[in-house]
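In: Here is the input, now give the coordinates:
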Amino acid sequence: MRISTQSFYEQSRTAMGSLQTNLLRTQQQLGAGTKMLAPSDDPLGTTRAMALAQSIAMNSQYSASRTQATQTLTQEESVLQSTTSVLQNVKVLLIQAGGTLNDSDRANIATSLQSNLDQLQGLANTDDGNGQFLFAGFKSGSAPFVRQADGTVSYAGDQGQRLSQVDASRQMAGADDGRSIFQSVQSGAGYVTSARVDTVNPNILGNAGSGVLGSASVLDASNPNYGLDFEISFQDGGTYLVANVPAPATFSTSGSYTPGEAITFGGLQISISGAPAAGDSFKVSIAKNAGTDVFGAINDAIKALKAPVDNGGPAAQAKLLNALGTANRKVTNAHDNVLTVRASVGSRLQELDALGATGDSRTLNDKSSLSDLQDLDYASAISEFYQRQTALQASQQTFVKVQQISLFNYLK
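Out: Predicted coordinates for the structure are as follows:
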């Protein structure tokens, strides 16, 4: 078969062009470090690579959110640890104040309690270092706990929680609001006992007798009246009446008062010592109804300690002991609540560690899969490059040799 000169040139040009194109592609792969230079090279692989790249980017964002949440929760845990220490100091001071002291000694303890109260307010108003208050909820631009003119501390924040997306299906609160920490009690906090006080001047008016409340203990939580708030009021002739409040009462019981003898009602048992006067009353309230503000509890104790007792007789002493007992119970409930919140913070930190380990593993697997799809095997690519280069050079040399063949080259 005869091959024309034009056909020879055309076939040679096509062959060398194809070899040159393949060589150029290998050069580009070596330069880019990837097997896929364009989506058309591997449409299915490109789709899979895009999905993996998106997954890696999302995991990176989740990781950043976990880091931020960890920093915030670690700071909260540190503040709550300090809060726990302050509340423990307050409990020690309250117990100490109930001992045999004079008015001057009690005034000194009141000063120490005031210092602890100021420290507690400072901890409650902790910021994150960027001007955002940790326990203010969504109102993080201003201090959540504000001291009023009468010395009380009010909460100016809200109960919002800033949530972070720490994993694909997990949102987590980076901090707790101040009310749930400093103005709440746990549902199982039980009862708080308190003596009657006057809302205008609680340090002067109130019970006239020397009755001192003990703590309430639970006898039967299944009692149908358990969970109600009660009031024990004393009548003429040394009798007492127990009724649930507020009125109208649906439960009541009465009996003769014997100092130190237990009074049983509504699944509870409580003892009262001393000599209550006719008209005196005591409240036995579920903790959440008795006042859950730890600042208010400490402030009430400070006021009671500042009131003169030395010349007031048994009634004044009873008022002090009742006030201290109530404050101690409320501070204990607040302390337990803080410990519960700390446990929640620790649980969240532990979960973040677990999510971080899972996320790192997922990212590593995604990167490995993406590498299998995209990354170039340099050893094979270099070998292929030299092979194609050699083939192109051979094709070019062959073309040069063949195109020189002619009968005129052999005529002399």
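
In: Could you point out which residue ranges in the stretch 151-300 of the chain have low pLDDT?
Out: Applying pLDDT under 70 to the stretch 151-300 of the chain picks out residues 198-205.

In: Go again with 50.
Out: 202-204 (pLDDT under 50).

In: how does this structure divide into domains?
Out: Domains of the chain are assigned by automatic domain parsing as 68-185+293-375, 190-291.

In: closest to residue 53 out of the ones you listed?
Out: Residue 53 sits nearest to domain 68-185+293-375 of all those, at 6.5 Å, using Cβ to Cβ. C-beta here means a position set from N, CA and C on the backbone, and glycine is covered the same way.

In: sorry, back to before: now tabulate the domains of the chain in JSON lines and tack on distance to residue 52.
Out: Shown next, in JSON lines, are the domains of the chain (distance: least, Cβ to Cβ, whole Å):
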{"stretch": "domain 68-185+293-375", "distance to residue 52": "4"}
{"stretch": "domain 190-291", "distance to residue 52": "52"}
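
In: Now render those domains as a markdown table, adding mean neighbour count.
Out: Converted to a markdown table, these look like this (neighbours: other Cβ atoms under 10 Å):
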| stretch | mean neighbour count |
| --- | --- |
| domain 68-185+293-375 | 18 |
| domain 190-291 | 17 |
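
In: Which one of these lies nearest to residue 44?
Out: Among the domains of the chain, the nearest to residue 44 by Cβ to Cβ is domain 68-185+293-375 (9.6 Å).

In: on that earlier part again, do you know which of the domains of the chain lies nearest residue 58?
Out: That would be domain 68-185+293-375 among these, by Cβ to Cβ, at 7.4 Å.

In: how far out from the middle of the chain is that closest one?
Out: 12 Å (Cα atoms, centre = their mean, to the nearest Å).

In: got it, and stretch 214-229?
Out: 33 Å.

In: can you give me the end-to-end distance of that stretch?
Out: Using Cα to Cα, to the nearest Å, the end-to-end distance of stretch 214-229 comes to 16 Å.

In: ok, and what's touching that stretch?
Out: Residues outside stretch 214-229 that contact it (Cβ atoms under 8 Å, 6 or more residues apart in numbering): 190-193, 244-246, 250-251, 264-273, 283-286, 289, 325, 329.

In: Could you rerun that using 7 Å?
Out: 190-191, 193, 244-245, 251, 264, 266-272, 284-286, 289, 329 (Cβ atoms under 7 Å, 6 or more residues apart in numbering).

In: What ranges does the stretch 251-400 of the chain have for its strands?
Out: Taking DSSP state E, counting those that start in this stretch as the test, the strands found in the stretch 251-400 of the chain are 252-256, 262-265, 268-273, 281-286.

In: Out of those, which is closest to residue 124?
Out: For residue 124, the closest of these is strand 281-286, at 24.5 Å, according to Cβ to Cβ.

In: Okay, now the sheet partners of that closest one, with direction.
Out: Looking at strand 281-286 with DSSP bridges, its partner strands are strand 191-195 (antiparallel), strand 229-234 (antiparallel).

In: Now do that strand and strand 268-273, the angle between them.
Out: 150 degrees (axes from the mean of the first three to the mean of the last three Cα atoms, to 10 degrees).

In: And strand 281-286, how far out from the chain middle?
Out: 34 Å.

In: Export only the CA atoms of it, formatted as PDB.
Out: In PDB, the C-alpha atoms belonging to strand 281-286 read as follows (Å, rounded to 0.1, in the frame of the first residue of the first chain):
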ATOM      1  CA  SER A 281     -45.700  32.600 114.000                       C
ATOM      2  CA  PHE A 282     -43.200  30.600 111.900                       C
ATOM      3  CA  LYS A 283     -43.200  29.800 108.200                       C
ATOM      4  CA  VAL A 284     -42.200  26.400 106.800                       C
ATOM      5  CA  SER A 285     -42.000  27.000 103.000                       C
ATOM      6  CA  ILE A 286     -40.700  25.000 100.000                       C
END
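
In: Other residues contacting it?
Out: Contacts to strand 281-286, defined as Cβ under 7 Å, 6+ apart, come from residues 191-196, 213, 216, 227, 229-233, 268, 270.

In: Which single one of those is nearest to residue 318?
Out: Relative to residue 318, the closest of the contacts of strand 281-286 is residue 195; by Cβ to Cβ it sits at 7.5 Å.

In: from memory the closest one sits against residue 207, does it?
Out: Yes - under the criterion of Cβ atoms under 7 Å, residue 195 makes contact with residue 207 at 5.2 Å.
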